[in-house]
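Asker: Test case, fold it:
(2 chains, ligands or ions: 2)
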Amino acid sequence: MTPVELTVNGREVHLQLDPRTSLLDALREHLKLTGTKKGCDHGQCGACTVIVEGRRINSCLTLAVMHDGEQVTTIEGLGTPEALHPMQKAFVVHDGYQCGYCTPGQICSAVSVLEEIKAGVPSHVTENLDRVAFSEDEVRERMSGNICRCAAYSNIIAAISDVAGESKA
Amino acid sequence: MKFDTPAGPNPIDKGRVIGIAHDRIDGPAKVTGTAAYAYERHDAAPNAAYGWIVGSAIAKGRIAAMDLTAAEASPGVLGIVTHANAGKLSKGNMNTAHLLGGPQIEHYEQALALVVADTFENARAAAALVRIDYAPEDGKFDLAAERLNGVIPPQGFGGPADTKAGDFDGAFAKAAVKVEQTYTTPDQSHAMMEPHASIAAWNGDKLTLWTSNQMIAWSVGDMAKTLGIPKENIRFVSPYIGGGFGSKLFLRADALLAALGARQVGRPVKVAIARPQIPNNTTHRPATIQRIRIGADKDGVIDAIAHEVWSGDLPGGGAETAAQQTRLLYRGENRMTAHRLVTLNLPEGNAMRAPGEAVGLLALEVAMDELAEACGVDPVELRIRNDVQFDPEAGPQRPFSSRKLVECLRAGADRFGWQRRNPKPGQVRDGRWLVGMGMASAFRNNLTEKSGARIGVDGSGKVIVETDMTDIGTGSYTIIAQTAAEMLGVDLDQVTVRLGDSRFPVSAGSGGQWGANSSTAGVYAAAMALRAKLAEKAGYAAEQAQFEDGLVRMGNQSQTLASLAGAQGLWAEDSMEYGDLDKKYAQATFGAHFCEVGVDMDTAEVRVRRMGGAFASGRILNPKSARSQVIGAMTMGVGAALMEALDVDTRFGFFVNHDMAEYQVPVHADIPHQDVLFVDELDDKSSPMKAKGVGELGICGAGAAVANAIYNATGIRLRDYPLTIDKLLKAQAA
Ligand code: FES
Ligand code: FES
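Answerer: Ligands and ions are numbered 1, 2, ... in the order given. The predicted model follows:
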């Protein structure tokens, strides 16, 4: 067992973990924060996306012990049913989900994507590396690691655009 | 209640809550991660141990020897379930292969053991130490090679295996224009995002299972049969389901093994089927070979049409009924359809979203595109010319309950700008992209299934609905709440809906796109019973009582629901059953898909640029979630057209690309904005809701529209799905 200290959604937690425990299972099985989903456990689907030290990562692809002392934000840290984060609200309004299983990952990714664009981080579809700007294609590209088999894609883009203040409607 | 005559005016027609776009009532729970799915019920089973499934490494044969010594000695191991210690097990009615194999092995990755340990990591590590020696046997894995050994399959949801009317051979021989082609579709995987998962807990001889299942009553029945215990001793709880698409219609290995594991180790056990195990351990949509022949006059009017389908399954399995739509979609006096089933020792084939039509239309609607070109008729116009308002196999005495295919074709074409399409392929360029448009009809049968519910009003006037109906992303929670609110005259936020618990009345469940219409009809029946009780308590005549604003009114008198219910509350239960209206009338849903693609002139990369459609599905209960169902299904259609295929290793008999990295499904970057138009329709012969199914219609024809757009862009006609770059480049070079 290895001691691990994390700050999860602003709360400090101390865990004794089998070093094989993924960050995802530390959250789901040990901290009982089951909002973060396990779709594949192999970095293929994005359902387990959380924000660590300000960057989104697949929490199934990393061991909890590698994040000792770090800040983790999960879907539970963004908002609650009574006080939704604007992105959560936008997903409800635009029906950016169906079964809901990919949704926490989509939302954590979406929040980070807008930050990345703001920070000027380019993507594969960025035409001009000096001018990284919001566009639906930028968002589609950056969100493509988050699979939604229900395929709410069209609605998720609408939700993200809405939060970015770029809504067409 | 029995629905055996067409619905007259009824309280649903008010359209105060029903038919209005509502946000999902389960939305806030889903977007905040507070909706707990099966594997996440720490609240219900805080001390659950972890199970890990060991699957077969061969497709057919026997276990020669099994050595558990190392696994049993591994840290944290609490027990190992195998056929040798599981006790006598039967097979569920809905299962083709046994969920726990051994000593006989029926397919690759069939579960042979469950290792239970105190932690997930320990269970997984110990599972790798289970040593199995096999005595393999030869199996059959190649559909094309086995095609000639096909037999007539048993009858399932799709009706009889073969149908015919008139004289197909004679009429086809004489036809002025003929299309005769063979199309193939591959095995496909549901790839729902939540893996199959269950937590099992025993209390004496009573089993509770928190699980992820579309059909609660079927699966409780099959668990009872498999374990040989009474149904009454089993409770299933499945309030949130992370996608199903047919993969969770049945009892699967996670559920059975969790129950067996929990019984063996004497504490709750949780089991998820690991993602790389899912495609081979569970069910998939079977591959098909489809031969289509259409004979028409020079204007494209069909006189002869034939659709023959070959598919495979394990012994005892069923056929992929891909000729279903061809029985009903287009006119033609001379027709035949046939299905043949071959025995394959691949994993179990079964229903995936719109079984039959989803792949049948990938063939038929490309054949129609080929006919349009052969006749020089616009593809939309060709379909309008071949519309038929009655079941063309039965004749005019069996009309459609309602059929708005032509309206969908016209409205969809208009919105999409179809008139701008150049009918000659390979003519339109946008930079390096060859651009083309394609379309296809959408068709899916409308099934109705018996469904029950109970509904109550509590002392504060709030309404509660309970049914074992499930919400697999379809929006059941919301439409059921809307139905209750409409029937009892309260606002949506006054209604609580509880789903997916086998203690509630048995519903239609989620499958075959029957869920929305059937389950809300069941709630309608229960609400009618409750209205009668409330009216009686108020001393009003049931037929004259009005339910609005939380009141029961008659003339200028009124009483509140709360006061009538009293502190005890007032409950009623009923179900909706169906007579023979589906025999007297053909019942189906219709639509038209339109798609624009770009194909890179050098690399043959295909991009969907625009996609839209018009659909007629009876009353649309919640336009917001119905639209989502349609776009989701359209996207799955794009997947079928462009990328989805389980690749068969025909030497060893398994699907090679068995995870989410190798089994490709559409992602954000693949899908543009999608436009959906619902054509106004009420179907009074479907149910008192006057609704029909919509959850599967969107996949039906979508892939063919993509394929036809690729042809229009490039002049390349591929008939072997998916239409991948390698096939396009090869055809281009030829
Ligand atoms: S669960 Fe981590 S990427 Fe799928
Ligand atoms: S909402 Fe079901 S997978 Fe995205």
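Asker: List the contacts of the most centrally placed residue in chain A.
Answerer: In chain A, the C-alpha nearest the mean C-alpha coordinate belongs to A:Cys108, at 2.4 Å (CA atoms, centre = their mean). By CB atoms under 8 Å, 6 or more residues apart in numbering or on different chains, the residues touching A:Cys108 are A:Thr49, A:Val50, A:Ile51, A:Arg56, A:Thr73, A:Thr74, A:Ile75, A:Leu78. Bear in mind the C-beta positions are built from the backbone N, C-alpha and C, glycine included.
Asker: partners of the first one in the sheet?
Answerer: The partner list for A:Thr49 in beta bridges (DSSP bridges) reads A:Asn58.
Asker: Need the phi and psi values for B:Lys730.
Answerer: Here is the backbone geometry of B:Lys730 (degrees, to the nearest 10): phi -60, psi -40.
Asker: Looking at the stretch 301-450 of chain B, which residue is nearest ligand 2?
Answerer: B:Arg353 (12.8 Å; CB to the nearest ligand atom).
Asker: Tell me how many other residues surround B:Ala165.
Answerer: 17 (other CB atoms under 10 Å in any protein chain shown).
Asker: okay but A:Glu12 is in contact with A:Leu31, surely?
Answerer: No - with contact defined as CB atoms under 8 Å, A:Glu12 does not count as touching A:Leu31 (11.7 Å).
Asker: So which of these two has more stuff around it?
Answerer: A:Leu31 (20 against 9).
Asker: thought the more buried one was touching A:Arg11?
Answerer: No - A:Leu31 is not in contact with A:Arg11 according to CB under 8 Å; the separation is 9.3 Å.
Asker: Report pLDDT for A:Glu166.
Answerer: At A:Glu166, the pLDDT value in this model is 72.
Asker: pLDDT score for the residue lying closest to it once chain neighbours are set aside?
Answerer: Using CB to CB, 6 or more residues apart in numbering or on different chains and skipping residues adjacent in sequence, the residue nearest A:Glu166 is A:Phe134, 5.5 Å away. pLDDT for A:Phe134: 96.
Asker: Can you give me the neighbour number for A:Phe134?
Answerer: If we define neighbours as other CB under 10 Å, then A:Phe134 has 16 of them.
Asker: Against B:Tyr134, how distant is B:Gln104?
Answerer: 11 Å (CB to CB, to the nearest Å).
Asker: Now B:Gln664. Nearest residue, chain neighbours left out?
Answerer: In space, B:Gln664 is closest to B:Met643, 4.1 Å off (CB to CB, 6+ apart).
Asker: Now do the buried residues in stretch B:547-562.
Answerer: By neighbour count with 16 or more other CB atoms under 10 Å in any protein chain shown, stretch B:547-562 contains the buried residues B:Phe547, B:Gly550, B:Leu551, B:Val552, B:Arg553, B:Met554, B:Ser558, B:Gln559, B:Leu561, B:Ala562.
Asker: Tell me which of those fall in helices.
Answerer: Residues of those located in helices (DSSP state H): B:Leu561, B:Ala562.
Asker: Between all of the buried residues of stretch B:547-562, which two are separated the most?
Answerer: B:Met554 and B:Ala562 (17.4 Å; CB to CB).
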